[in-house]
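Novice: Quick one, fold the following:
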Amino acid sequence: GYFTYAFKKDEPGRLSYPSCPKDDCKKKVSEESDGTWKCEKCQQNYPAPNYRYILSCTCVDHTGSLVCTAFQESAITIMNGMSAQSMKALYDEDPAAYERCFTEAFYVPYVIKAKVQSEVYNDEQRVKTQLVAVNRLDFKAECDYLLEAIDTLMRM
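Specialist: From the prediction side, this is the model:
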């Protein structure tokens, strides 16, 4: 589908989560009393976590809006290539620049693929939407595709 990122729902501390710095592990880590970060899955302590995105956003198009969650790769695309680690550092150093990153990301058209999942939580049915692929809209490619489709229809 075609969507535009339109609204930032997250508070700064909920934009990302501290994860295990090991490449093949994405589990959340917790800070220990000695200042190290422990991964329960790896059973190891690390000096610092690797922050990963869990970006909650509202996607809009001409039919309406949809609240979605974008994880690491999808969120990096939406945030113009900025990693969650960089965004966390930017928030701590320059909150105005941090906010500008979101302003620059708003209303940029994307082609997305989403995974929609229904679940029951506290006896309540909920639908969760996760963005699994996010690409900036290539206007030339889309126009070529639409012109080809029109041409095919005209020949029928």
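
Novice: Now do the buried residues in stretch 40-50.
Specialist: Neighbour-count burial for stretch 40-50, with 16 or more other CB atoms under 10 Å as criterion, is recorded at Y46, P49, N50. The C-beta positions use only the backbone N, C-alpha and C, and glycine is treated the same way.

Novice: now these as a markdown table including pLDDT?
Specialist: A markdown table is the format used below for these (pLDDT from 0 to 100):
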| residue | pLDDT |
| --- | --- |
| Y46 | 95 |
| P49 | 95 |
| N50 | 93 |
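
Novice: Buried ones in stretch 29-39, by neighbour count?
Specialist: V29, W37, K38, C39.

Novice: So of these, which two are at opposite extremes in space?
Specialist: Pairwise distances across these peak at 7.3 Å for W37 and C39 (criterion: CB to CB).

Novice: Spell out which residues are contacts of both of the two.
Specialist: Taking CB atoms under 8 Å, 6 or more residues apart in numbering as the criterion, W37 and C39 both touch V29, N45, Y46.

Novice: Next up, the contacts around the last one.
Specialist: Applying CB under 8 Å, 6+ apart, we find Y46 in contact with C20, P21, V29, T36, W37, K38, C39.

Novice: Mind listing the residues bridging to the fifth one?
Specialist: This means W37. E31, Y46 (DSSP bridges).

Novice: What confidence value was assigned to it?
Specialist: Looking at W37, its pLDDT reads 96.

Novice: Verify the contact between it and P49 for me.
Specialist: Yes: applying CB atoms under 8 Å as the test, W37 and P49 come out as touching, 4.6 Å apart.
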